[in-house]
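>>> My questions concern the predicted model and sequence given below.
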Amino acid sequence: MNPLASQRQAVILDEVERLGAVRVSSLVARLGVSDMTVRRDLDALAQRGLVIKVHGGATSVGGRSVDEPGFEAKQVRAQGEKDAIAHVAAQMVTPGSAVGISAGTTTWTLAHLLRDIPGITVVTNSMRVADVVLSSGRTDQTVVLTGGIRTPSDALVGPVAVEALRTLHLDVVFLGVHGMDERGFTTPNLMESETDRALVEAGRQLVVVADHSKWGVVGLSTIVPLSDADVLITDDALTPHAREVLGGQVGELVIARGQSARAGER
């Protein structure tokens, strides 16, 4: 896919998620491209399972608590926000530390930035995260990949993964989530929530990385309550209401803007 098509499709997907449905005519006006170009983009998104094509436009796939998008489906969403969040998160990692990283596209983005930090040990239940860190070719970094059952979002989960994590002690854990609201941080996969909890318990500090679109999304299973997060890094498109709720629950709310951030209220 060429970069321009990728950018258009990311905009279309954001509009579908925000509004629930979009019309071809409105996308033509928004994007400044032809009717045919928009229809091709919708076809491409529909083929990847990201939208449902209807007469004259497209609708969202749905927001059921058991819906679990694949890695590619999530990768195109809120790309700029994920980059900003990852840059802030990477500043929290010190050379020689032991770092836990859950599966997810925001954590995968973070993994690219950790390749330059010397002497770290990365523990993850994501083959994609492990591949990214290993691709640096550094001999002073160690990667520990749990075993487990593979989910649609490319997490390794289940009793094998949980057992691998129980004896480990990590300096910081970066957790990506499917959704967050007053009830906590959630995932649509029961086994993934159990594995994520084991990863959280292995760490001295929990840093949740989640862009604004995760607010109000509720997965089937709660990983941990909001109050368990020592730090939540999100982006500046988060609504004032969400900031108020999250700022009163998490240890520290950090809002990423580009490659900078500010700390919110405790």
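The structure has been received and is ready for your questions.
>>> who does the longest helix along the chain touch, helix- and strand-wise?
When the chain is parsed with DSSP state H, its longest helix is helix 3-19. For helix 3-19, the helices and strands in contact under the criterion 3 or more Cβ pairs under 8 Å, 6 or more residues apart in numbering; DSSP states H and E are strand 21-23, helix 24-31, helix 35-47, strand 51-54, strand 57-60. Every C-beta, even on glycine, is put in place using the N, C-alpha and C of the backbone.
>>> give the contact list for Val143.
Residues in contact with Val143, defined by Cβ atoms under 8 Å, 6 or more residues apart in numbering, are Thr121, Val122, Thr124, Ala130, Val133, Leu134.
>>> which residues of this structure fall in helices?
Under DSSP H, the chain gives helices at 3-19, 24-31, 35-47, 71-75, 79-90, 105-114, 127-134, 159-166, 190-201, 240-247.
>>> Quick one: those helices as CSV, columns for distance to Val217 too.
Supplementary listing: the helices of the chain in CSV, determined by distance: least, Cβ to Cβ, whole Å:
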stretch, distance to Val217
helix 3-19, 10
helix 24-31, 24
helix 35-47, 19
helix 71-75, 12
helix 79-90, 14
helix 105-114, 14
helix 127-134, 21
helix 159-166, 24
helix 190-201, 14
helix 240-247, 11
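>>> Could you count how many residues lie near the nearest residue to Val54 once chain neighbours are set aside?
Distance criterion Cβ to Cβ, 6 or more residues apart in numbering; nearest residue to Val54, sequence neighbours excluded, is Ala21 at 7.5 Å. The local packing of Ala21 (other Cβ atoms under 10 Å) involves 14 other residues.
>>> So for Ala21, what pLDDT did the model give?
pLDDT, Ala21: 76.
>>> sorry, back to before: which of the helices of the chain has the highest mean neighbour count?
Sort the helices of the chain by mean neighbour count, taking mean count of other Cβ atoms under 10 Å, and helix 105-114 sits at the top with a mean of 24.
>>> hmm, who's touching it?
71, 74-75, 77, 82-83, 85-87, 89-90, 93, 99, 101, 120, 122, 124, 126, 128-129, 132-133, 174-176, 209-211.
>>> Per-residue pLDDT of Val16, please?
80.
>>> got the contact list for it?
Counted by Cβ under 8 Å, 6+ apart, Val16 has contacts Val22, Leu50, Val51, Ala58, Thr59, Ser60.
>>> And the protein, split by domain according to the record?
According to automatic domain parsing, the chain comprises the domains 3-62, 72-263.
>>> Compare the mean pLDDT across the helices of the chain and name the weakest.
helix 71-75 (a mean of 50).
>>> doesn't Val209 make contact with Met180?
No - look at Met180 against Val209 with Cβ atoms under 8 Å: they stay out of range, at 11.1 Å.
>>> what's the neighbour count on Gly248?
When neighbours are counted by other Cβ under 10 Å, Gly248 comes out with 13.
>>> Report pLDDT for it.
Taking Gly248 on its own, its pLDDT is 96.
>>> and it, how far is that from Ser102?
24 Å (Cβ to Cβ, to the nearest Å).
>>> Gln79 now?
In terms of Cβ to Cβ, Gln79 sits 19 Å off from Ser102.
>>> same question, Leu226
For Leu226, the distance to Ser102 - Cβ to Cβ - is 17 Å.
>>> Neighbour count: those two, which is higher?
Using other Cβ under 10 Å as the criterion, Leu226 and Ser102 rank with Ser102 on top: 25 against 20.
>>> Pop out the phi and psi values for the closest residue to Arg115 other than its chain neighbours.
Spatial nearest neighbour of Arg115, excluding adjacent residues (Cβ to Cβ, 6+ apart): Ser136 at 3.7 Å. Note on Ser136: backbone dihedrals following degrees, to the nearest 10 are phi -70, psi -30.
>>> Now that Ser136 has come up, it's in contact with Ile117, right?
No - applying Cβ under 8 Å as the test, Ser136 and Ile117 come out as separate, 9.7 Å apart.
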